[in-house]
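In: Take a look and give me a structure for this.
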Amino acid sequence: MQKLPHFEEGAVTVQDLSAQWAAMLLEPKNEEWILDACAAPGGKTTHILELAPQANVIALDVESHRLKRVEENLARLNQQAIVVCGDASKPDEWLAEIGKSAVKFDRILLDAPCSATGVIRRHPDIKWLRKETDIAQLV
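Out: Just a heads-up that it's a prediction; the model follows:
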């Protein structure tokens, strides 16, 4: 991907069609407060900002090491978001970390936990590798 012409300059972003639908269905608007609750690696976060560049986006994820990719993608695309590590079910903790006591979100995107079922088209072996019990563990 990084070898695509103009990728590093932020002119190109590669995203699976199923992932693109998430931001489009969210219908983000400028000036809204939007939470991307499972943000890493940042494709949906950056797509939200492409659709609504003046939105106030918080990119949240429980895995701090994965948030580095969110920050890299935001920087590459010259976009701004508040990136924070935390559990969406404990907003008091991560809101305090970013200096907020409360935020009323206009929209929330929760693509929780990734089962990889959205990319079956590219990875058809997932149909045979996943079991019903795997999905139950993610709920």
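
In: which regions of this structure lie under the pLDDT threshold?
Out: In the predicted model of the chain, residues 1-12, 14-15, 113-123, 126-127, 135-139 satisfy pLDDT under 70.

In: Please write out the alpha-carbon positions of the longest helix along it in CSV.
Out: Determined from DSSP state H, the single longest helix within the chain is helix 64-76. Extracted C-alpha coordinates of helix 64-76, given in CSV (Å, rounded to 0.1, in the frame of the first residue of the first chain):
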residue,chain,number,x,y,z
SER,A,64,-2.5,1.8,23.2
HIS,A,65,0.0,0.2,20.8
ARG,A,66,-2.6,0.1,18.1
LEU,A,67,-3.4,3.8,18.5
LYS,A,68,0.0,4.6,17.0
ARG,A,69,-1.4,3.5,13.6
VAL,A,70,-4.4,5.8,14.1
GLU,A,71,-2.0,8.7,14.8
GLU,A,72,0.1,7.8,11.7
ASN,A,73,-2.9,7.7,9.5
LEU,A,74,-4.2,11.0,10.8
ALA,A,75,-0.8,12.6,10.3
ARG,A,76,-0.4,11.2,6.8
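
In: Show me the helices in the chain, by range?
Out: Counting by DSSP H, the helices of the chain are 17-26, 43-51, 64-76, 91-97, 126-129, 132-138.

In: can you give me how far the first one is from the chain middle?
Out: This points to helix 17-26. Helix 17-26 has its average C-alpha position 11 Å from the chain's average C-alpha position, going by Cα atoms, centre = their mean, to the nearest Å.

In: now swap in the third one and tell me
Out: Relative to the centre of its chain, helix 64-76 is centred 10 Å away, using Cα atoms, centre = their mean.

In: If you compare the directions of it and helix 43-51, what angle comes out?
Out: Using axes from the mean of the first three to the mean of the last three Cα atoms, to 10 degrees, the direction of helix 64-76 lies 30 degrees away from that of helix 43-51.
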